[in-house]
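> model this:
(chains A and B)
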Amino acid sequence: MTYIGQVQDLDITPKMAKVLKIFLEDPAQSRYGFEIMKRTGLPSGTLYPMLAKLQGAGWLTKGKENIDPRAEGRPPRVHYTITGAAVTAARLQFAALSDAYRLPSPAWPRLQGSTA
Amino acid sequence: MTGYLWAALGTFGGVILTVLSDMASAEVRDRLDHLPHAILRLASHRIAPDLRTTAYNDEWLPELTYILRGAETRPITRLIAGIRYALGIFFAARRISHQLARPLQQPTPTLKAPDPRIKGTGNLKVGGGLEVGKWTVSSLTPADELRKLGCR
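Residues are numbered from 1 along each chain as shown, chains lettered A, B, ... in the order given. Below is the predicted model of the structure:
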């Protein structure tokens, strides 16, 4: 098991990349489960195990919404924030992924009939 | 006279039907609103009992309440969103439970302990003989070295 900074190294899947991208837009901003579902199009059955995994690996931290439940008429929701070490780790992994998936540059066509 | 009677009866019947239809609609709406909650409650029984408070009470239920009470404006859209949310959790409950049950990873800084068999100091040189620092090899055991550096 390897660690990048203070977080556990994770294999970023395309779906996880979608989720992490939202957190990386503004790392200081907390995100709610339903908000992430709407923005990524991922169902709760895919998102919540992923959030639990990211939390367990130290990539995300959980917090509670700061509201008055009586005034709002509902209980406070849980929100997630990306950790500082995870921002670095995610950026490094994104760069590596982008490098791995980059198409090779096309070869120059050979000139026909050229003399040596 | 009979005409007036039929008209009065018709109006009365219309009012009764409207009231009954409203009551039936409210009843159906109320029962349907409970459906996502019921699915989510079933999902909570699929996870480890010690995780129910954190997962079900603290996270899933408040999120579902938010979805059903105003995340979407239209009642049918809201209900569909609530059912989809609850069903997703229901089918993924075991995986969520598995992930949550794993102990939180607390990474420790990895320090390479020096080899106690090698002892001595010397100058660190780069190409051209330029000195950039000194190297020291401690005679302490790896455990003592780590303790000295403040690690466990």
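> Residue B:75 versus residue A:75, what's the distance?
Note on residue A:75: its distance to residue B:75, by CB to CB, to the nearest Å, is 21 Å. The way it works is simple: take the backbone N, C-alpha and C, and place the C-beta from them, glycine included.
> quick one: low-confidence ranges for chain B?
Applying pLDDT under 70 to chain B picks out residues B:1, B:71-73, B:103-142, B:145-146, B:148-152.
> can you map out the helices along it?
For chain B, applying DSSP state H gives helices covering B:2-44, B:52, B:61-66, B:75-101, B:142-148.
> so of these, which one's packed in deepest?
helix B:61-66 (a mean of 22; mean count of other CB atoms under 10 Å in any protein chain shown).
> what's that one in contact with?
Residues outside helix B:61-66 that contact it (CB atoms under 8 Å, 6 or more residues apart in numbering or on different chains): A:32-34, A:65, A:74-78, B:36-37, B:40, B:82, B:85-86.
> what does stretch A:64-80 contact?
Contact partners of stretch A:64-80, identified using CB under 8 Å, 6+ apart, comprise A:23, A:30-33, A:51, A:54-55, A:60-63, B:58-59, B:61-63, B:65-66, B:69.
> For PyMOL, write a command that selects the buried ones of these.
Applying 16 or more other CB atoms under 10 Å in any protein chain shown to those, the buried members can be selected in PyMOL as follows:
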select buried, (chain A and resi 23+30+31+32+33+51+54+55+60) or (chain B and resi 58+59+61+62+63+65+66)
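> What residues does chain A have near chain B?
Counting by CB under 8 Å from any CB of the partner chain, the residues of chain A close to chain B are A:3, A:6-8, A:32-34, A:37, A:43-49, A:52-53, A:55-58, A:64-65, A:73-78.
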